[in-house]
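*Asks:* Got a sequence here, can you model it:
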Amino acid sequence: MTDTALVVGASGIVGNNLARHLHSQGWEVHGLARRPAAIDGVKPVVADLLDPASLQQALADLRPSHVFVSSWLRQNTEAENIKVNSAMVRNLLDALSPGKSVKHVALVTGLKHYLGPFESYGKGVLPATPFREEQPRLDVDNFYYAQEDEVFAAARRDGFGWSVHRPHTIIGYAVGNAMNMGVTLAVYATICRETGRPFVFPGSATQWNGLTDMTDARLLARHLSWAATTEVARNEAFNVVNGDVFRWSWMWPRIADWFGLKAAPFPGEILPLEKQLVDAGPIWADIARRHGLVETDLNVVTSAWHTDADLGRPIEVVTDMGKSRKLGFLDYQCTDDSFFDLFARLRAEKIIP
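*Replies:* Sure thing, here's the model as predicted:
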């Protein structure tokens with residue numbers, strides 16, 4: 001019997017790659033979003049997670065065996081993040097509850113589980129790295145915790161299994177996504193190449209010199225599928241990273257070289273992309289028109305604020321994946337190849353020249 005997946009947030013960086021992977025593995029895949037992207041083999045479901053009536057109508061005849069939740073909406077404060085994003089998960093699982101079809105719910109969160117929310121990101125007393133799943137929650141409000149609690153409550157009510165997946169910064173193909181370092185850096189490098197601006201690392205000395213890791217969206221998709229269908233992974237939380245570590249002082253010149261640039265020396269201070277690109281809207285629009293690109297709006301193809309948050313962190317961040325390895329998930333991905341694969345696809349899809 002074919003497994004039926006409901007991918008919530010199918011137009012985003014996680015959901016898009018997951019839906020494609022599940023379809024390639026023979027799943028019946030439904031992709032839910034307010035404005036679903038066209039994905040080969042994926043049946044679109046149009047619904048608003050904050051509108052219970054629209055959810056009930058959209059899901060009335062759908063009986064998914066597996067639900068993958070990778071959707072959130074950024075709010076001005078963490079209190080608002082908690083209110084809105086927990087309601088989204090609760091509304092979804094309430095709408096699916098009468099069908100009694102769900103066997104497993106997978107929730108994608110991230111390393112802000114350990115680092116804290118945006119309002120207190122990387123500040124205060126933080127757990128030691130590498131981050132491990134058994135480390136307790138921070139004593140701060142965090143919408144990731146609220147989302148988890150909604151999944152746990154619904155699992156107790158309806159009897160399904162669950163998994164929580166905590167990736168680091170995700171590299172993957174998506175356009176218009178709120179957290180997309182790979183596309184942001186590709187656009188920044190293109191602007192530097194086209195204008196002669198220096199390709200300057202925008203982050204902190206700690207990130208430049210320290211160790212870090214990242215998560216390929218394709219590896220995350222395989223991890224989600226594995227945990228959802230592997231009994232020993234039932235009711236567990238997992239970190240998910242590529243498996244290699246690197247320093248940005250090594251990675252930055254490699255990215256520059258891919259674009260035919262020479263990396264500028266590290267400036268010794270944080271130079272946020274939001275400031276570097278503040279005047280770049282018309283520049284990108286001109287580049288896009290000259291090269292026949294599909295998107296002329298810089299704000300659609302970049303998420304400078306999120307890239308600045310990651311690259312500006314004052315602490316070294318590395319992530320342990322021993323739990324997944326012990327239970328049988330052994331996939332590995334070189335992070336520089338993750339970037340290069342993404343850049344090649346962005347070029348093929350006419351996102352960058």
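*Asks:* which non-adjacent residue is nearest residue 101?
*Replies:* With Cβ to Cβ, 6 or more residues apart in numbering as the measure, residue 63 is the residue that lies nearest to residue 101, at 3.8 Å, once sequence neighbours are left out. From N, CA and C alone the C-beta is placed, and that goes for glycine too.
*Asks:* List the contacts of the one you found.
*Replies:* Residue 63 sits next to 4, 99, 101 when contact means Cβ atoms under 8 Å, 6 or more residues apart in numbering.
*Asks:* For the residue lying closest to residue 173 once chain neighbours are set aside, the count of nearby residues, please.
*Replies:* On the basis of Cβ to Cβ, 6+ apart, the spatially nearest residue to residue 173 that is not a chain neighbour turns out to be residue 345, at 5.3 Å. Counted with other Cβ atoms under 10 Å, residues neighbouring residue 345 total 15.
*Asks:* Checking residue 44 next. Helix, strand or coil?
*Replies:* strand (DSSP: H, G, I helix; E, B strand; the rest coil).
*Asks:* ok now whichever helix or strand residue 192 is part of, how far from the chain's centre?
*Replies:* Secondary structure assigned from DSSP states H and E places residue 192 in helix 181-195. Taking the mean of its C-alpha atoms, helix 181-195 sits 19 Å from the chain's own mean (Cα atoms, centre = their mean, to the nearest Å).
*Asks:* Return the set of buried residues in that helix.
*Replies:* For helix 181-195, the neighbour count (16 or more other Cβ atoms under 10 Å) marks 181-193 as buried.
*Asks:* could those go into CSV alongside distance to residue 23 and pLDDT?
*Replies:* Supplementary listing: these in CSV, determined by distance: Cβ to Cβ, whole Å; pLDDT from 0 to 100:
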residue, distance to residue 23, pLDDT
181, 26, 94
182, 22, 95
183, 23, 95
184, 27, 96
185, 28, 97
186, 26, 97
187, 28, 97
188, 32, 98
189, 31, 98
190, 31, 98
191, 35, 98
192, 37, 98
193, 35, 97
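*Asks:* roughly how far apart are the residue nearest to residue 101 and residue 102?
*Replies:* 9 Å (Cβ to Cβ, to the nearest Å).
*Asks:* Quick check, pLDDT for residue 175.
*Replies:* If you check residue 175, the pLDDT there is 78.
*Asks:* repeat for the one 5 residues further on
*Replies:* Residue 180 is assigned a predicted lDDT (pLDDT) of 86.
*Asks:* mind checking how far it is from residue 146?
*Replies:* Distance, residue 180 to residue 146, by Cβ to Cβ: 24 Å.
*Asks:* Settle it for me: which of the two has more neighbours?
*Replies:* The neighbour count for residue 180 versus residue 146, taken as other Cβ under 10 Å, is higher for residue 180 (27 against 19).
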